[in-house]
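> my questions concern the predicted model and sequence given below.
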Amino acid sequence: MKFYETNLLTITCEALAQKTVLDILSKHHVSGYTFYEVEGNGSKNLHGKGINTKNVKIEIVLNRDNLESIAEEITRTMFSDFAIILYVVDAKVIRSEKFA
């Protein structure tokens, strides 16, 4: 079985930022992603426990070109206004045509 090299971009942010992140993904022609509510502990203590402090994690499998342009736009336009974390890991997929 052949595997194709790609990347997994994970974005963890406050729920208030989710729509903006999804708008950026749409702008970059990304139509596939997974998101879910998360809770955790970080430098500012517990997150995701209060009514207005829900956090989401958004995962996107994509190629390096899209990854860099999306990460750059999120960093430039959102970091100053939202609690947000981005990280990237190398991934391998079987159906490369599914991930632009």
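Received it, and whenever you're ready, just let me know what you need.
> and the top helix by length along the chain, what's buried?
Assignment by DSSP state H gives helix 64-78 as the longest helix of the chain. For helix 64-78, the neighbour count (16 or more other CB atoms under 10 Å) marks Asn66, Leu67, Ile70, Ala71, Ile74, Met78 as buried. From N, CA and C alone the C-beta is placed, and that goes for glycine too.
> remind me what it packs against, helices and strands.
strand 4-14, helix 18-27, strand 84-93 (3 or more CB pairs under 8 Å, 6 or more residues apart in numbering; DSSP states H and E).
> can you list the weak-confidence ranges in the chain?
Along the chain, segments meeting pLDDT under 70 span 43-53, 99-100.
> need the contact list for the residue nearest to the spatial centre of it.
For the chain, the residue sitting closest to the mean C-alpha position, by CA atoms, centre = their mean, is Ile11 at 2.9 Å. Taking CB atoms under 8 Å, 6 or more residues apart in numbering as the criterion, Ile11 is in contact with Val21, Lys57, Ile58, Glu59, Ile60, Ile74, Ile84, Ile85, Leu86.
> now Ala91: how far from Phe82?
25 Å (CB to CB, to the nearest Å).
> buried subset of the contacts of Ile11?
Taking 16+ other CB under 10 Å as the criterion, what is buried in these is Val21, Ile58, Ile60, Ile74, Ile84, Leu86.
> just the closest of the residues you listed to Asn41, please.
Nearest to Asn41 among the buried ones among the contacts of Ile11 is Ile84, at 16.5 Å by CB to CB.
> that closest one bridge partners, please.
Cys13 (DSSP bridges).
> run a quick neighbour tally on the closest residue in space to Met1 that isn't next to it in sequence.
Distance criterion CB to CB, 6 or more residues apart in numbering; nearest residue to Met1, sequence neighbours excluded, is Ile94 at 6.6 Å. If you count neighbours by other CB atoms under 10 Å, Ile94 ends up with 9.
> Ile94 contacts Thr6, correct?
No. Using CB atoms under 8 Å, Ile94 makes no contact with Thr6, being 10.6 Å away.
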